[in-house]
Every structure is written in structure tokens, then in C-alpha cells.
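S.K.: Build me a model:
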Amino acid sequence: MENTAFQAKIRDFLPEIELRFNAPMKNHTSFRIGGPAEVMAFPKNSEELSEILKVSKLLDAEYRILGAGTNILVPDEGIKGIVICLKDSLDGMELLPGDRVKIAAGVSMARAAMFAASHSLSGLEFAHGIPGSVGGGVYMNAGAYGGEICQVCECVEVMDGCGNVCTYTGAEMDFSYRHSRLEDEGGIVLSATFQLMPKPESEIREKMQELMTKRRASQPLDKPSAGSAFKRPVGGYAAALIDGAGLKGYRVGDAAISEKHAGFVVNLGNATAADVQTLLRQVSDIVFENSGIRIEPEVRLW
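M.R.: Residues are numbered from 1 along each chain as shown. Reported below is the predicted structural model:
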């Protein structure tokens, strides 16, 4: 396929940076859904990221930040502009004085938890089974089994759309349920520093194994999904409300509510983004009719 004028310009402006054109986003998301990205860029460090952002601004091109792609739904028609992939690009983990660790945004939550455990530091056990990256986890205040990023986050290094870098304390991040200030103001996580607590490594690993066993027993890890499909509503739990409405197994095309866990939407093979969006909307409506409680998607709809 011949390059578009935009792709040719990007190649000219960013000759040293790894770029892919018309890359199928289904290969970069846990849902295994999504059309082609006009341009995907893979910066090796924060300097290259800053360069990409400046070129995006110069060309008046929209950009999106992709971590591990575990909580997004990409349209079937694909994405115009630039998708900047930080997974495995912004890499690195560092042990700091005072029982702290500094983790780059592209590191997986699982690797971060294992790194902390290997240094007998407790606080990230909950993150061991979360499939996303640290950057994405901080951005949305990810959590599981009673643990959340906000509980251990000391500070976050953030880059704005012009390539400028600043540091926010955990308090300044304005964390709330599945939310941080970055969702309102923009900003790209470069790294996060976590304040942890000393504990015997054997106890930490035992806890992580316990949580992973629970996850495997209750969640449909054998099928493509984007984790919990709906946010926890006030006055209930999304999975219980969906189950109570008799919707386990409910499907639109190849998108279905998991038979194993009603909080998950799974791809049975050839689900489209349109299938998933229709399913999310219909399930929300049926649950509202059944319970009077409106549930909203936790999956990010690009």
C-alpha cells in the first residue's frame, strides 16, 4: 500500500524513530479488536516521545497514547493520526532509598509487582494480575482486590503535549475511583515512584499467588477481553447487577457477557468494535430497567 501524504511527512520528520504504517490495532489490544492505525510510533525514551509530540503539534495531527492496550476498544475503521505505543518502550525499574521503587510507564504491572517482591517490598501485590502497564495503571488509578495505585503512589513524572516534564505528588494527582487528573487535563505518564513497606519476600509471593488463584478461578482469562467492562456503580456491583438481570451469555455478534464472570465482555472469535459497543449499550439499558441503576463502561472507547 502506498504511503499517504501524512505518513510520508511523518517519516521525513522522524527518520530515527520506529514507525509502522497501517498497523492493525487488533494486534495491540487485549480485545483483539480494531482497525488499522494510520501511524504507530514506538519511542525508545522520553526524548523521542517529546520529539513525536512536537511533530504532531507541528503537523496539527491528533495523537493517542497506547500502553498495553488492555482497557481500550478501537473502532473497526481504525485510527487516523498517530498512536504512540509506550509498552516496552519506556522501560526501566529502580530501587530507591526509603523502601521506594521508581517504575517506567511502559513496564507491565506484573513486572513492577515482581520487582517489588524481589526486594521484599509490599504494596503492589494487587497489581500482579492486572494486565496493563504502569503508565495506564497510574492514569486510571487501576486497582484490584482492595488495592489501588493511589494507595502507594508517591509521585508521578508527567509529560505534557508540548514535551515539557513535571512531577506531581500522589496528592496532586487527584486520584479517585478509576480516575486521575490526567484524564481531565491530559498528560502522559513517564514514570511513577511507589512508597512500599518491607515484608518477607515469601509472604509477598504467597499473597500474589493467592490473588492470582482467585483471578483464574473467577475470570475468563482464556478469552480476549478488556478486563472489567463496567465501572462499579453507586449502590451495587456491576457484575451482580448484570447477573441479576439474567445476562450471563448475552451476546451481540461475537461479543458476549462472560458465562464465568458477568462483569466481563469477551470476544468469542470475530467480535467487532460495533458488536461490543452495542452490547455495552444494551446491557446498560437492561440493567437500568431491571434495577434502576445505570452502569457505565470502564472500557475506554477510542
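
S.K.: Surely L96 touches F194?
M.R.: No: with contact defined as C-beta atoms under 8 Å, L96 does not count as touching F194 (9.4 Å). The C-beta positions use only the backbone N, C-alpha and C, and glycine is treated the same way.

S.K.: For the two, list the residues in contact with both.
M.R.: Listed as contacting both L96 and F194 by C-beta atoms under 8 Å, 6 or more residues apart in numbering are K102.

S.K.: So the two - more neighbours on which side?
M.R.: Comparing L96 with F194 by other C-beta atoms under 10 Å, the one with more neighbours is F194, at 25 against 12.

S.K.: how about that one, secondary structure?
M.R.: Assigned with DSSP: H, G, I helix; E, B strand; the rest coil, F194 falls in the strand class.

S.K.: got a pLDDT number for it?
M.R.: According to the prediction, F194 has pLDDT 98.

S.K.: excluding its backbone neighbours, what's nearest it?
M.R.: Using C-beta to C-beta, 6 or more residues apart in numbering and skipping residues adjacent in sequence, the residue nearest F194 is V152, 4.5 Å away.

S.K.: G147 now?
M.R.: Using C-beta to C-beta, 6+ apart, the closest residue to G147 is F126 (2.7 Å).

S.K.: Touching, that neighbour and G137? I think so.
M.R.: No: assessed by C-beta under 8 Å, F126 is found out of contact with G137, at 10.4 Å.

S.K.: and the gap between I79 and I130?
M.R.: 24 Å (C-beta to C-beta, to the nearest Å).

S.K.: Just the terminal-to-terminal distance for stretch 246-265.
M.R.: 15 Å (C-alpha to C-alpha, to the nearest Å).

S.K.: For it, buried residues please.
M.R.: 247, 250, 252-258, 261-265 (16 or more other C-beta atoms under 10 Å).

S.K.: Count the neighbours of F42 for me.
M.R.: Count around F42 with other C-beta under 10 Å applied: 20.

S.K.: residue contacts, the closest residue to it other than its chain neighbours?
M.R.: Using C-beta to C-beta, 6+ apart and skipping the chain neighbours, the partner closest in space to F42 is E18 (4.2 Å). Applying C-beta under 8 Å, 6+ apart to E18 gives the contacts A41, F42, K44.

S.K.: quick revisit: could I get the buried residues of stretch 246-265 in JSON lines, plus columns for secondary structure and distance to A171?
M.R.: Below are those laid out as JSON lines (DSSP: H, G, I helix; E, B strand; the rest coil; distance: C-beta to C-beta, whole Å):
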{"residue": "L247", "secondary structure": "coil", "distance to A171": "39"}
{"residue": "Y250", "secondary structure": "coil", "distance to A171": "41"}
{"residue": "V252", "secondary structure": "strand", "distance to A171": "42"}
{"residue": "G253", "secondary structure": "coil", "distance to A171": "44"}
{"residue": "D254", "secondary structure": "coil", "distance to A171": "44"}
{"residue": "A255", "secondary structure": "strand", "distance to A171": "39"}
{"residue": "A256", "secondary structure": "strand", "distance to A171": "41"}
{"residue": "I257", "secondary structure": "strand", "distance to A171": "38"}
{"residue": "S258", "secondary structure": "coil", "distance to A171": "37"}
{"residue": "H261", "secondary structure": "coil", "distance to A171": "34"}
{"residue": "A262", "secondary structure": "coil", "distance to A171": "35"}
{"residue": "G263", "secondary structure": "coil", "distance to A171": "30"}
{"residue": "F264", "secondary structure": "strand", "distance to A171": "33"}
{"residue": "V265", "secondary structure": "strand", "distance to A171": "34"}
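
S.K.: quick one: which of the residues you listed is nearest A144?
M.R.: G263 (11.9 Å; C-beta to C-beta).

S.K.: My guess is the closest one contacts F230. True?
M.R.: Yes: between G263 and F230 there is a contact under C-beta under 8 Å: 6.4 Å.

S.K.: Now list whatever residues contact both of those two.
M.R.: Shared contacts of G263 and F230, counting by C-beta under 8 Å, 6+ apart, come down to A238, I242.

S.K.: shaky segments in the protein?
M.R.: 1-2 (pLDDT under 70).

S.K.: can you give me the helices in it?
M.R.: 5-13, 46-58, 109-118, 134-139, 181-185, 201-218, 238-244, 273-291 (DSSP state H).

S.K.: Buried residues, the second one. List them.
M.R.: Same thing as helix 46-58. Of the residues in helix 46-58, S46, E48, L49, S50, E51, I52, L53, V55, S56 count as buried by neighbour count, 16+ other C-beta under 10 Å.
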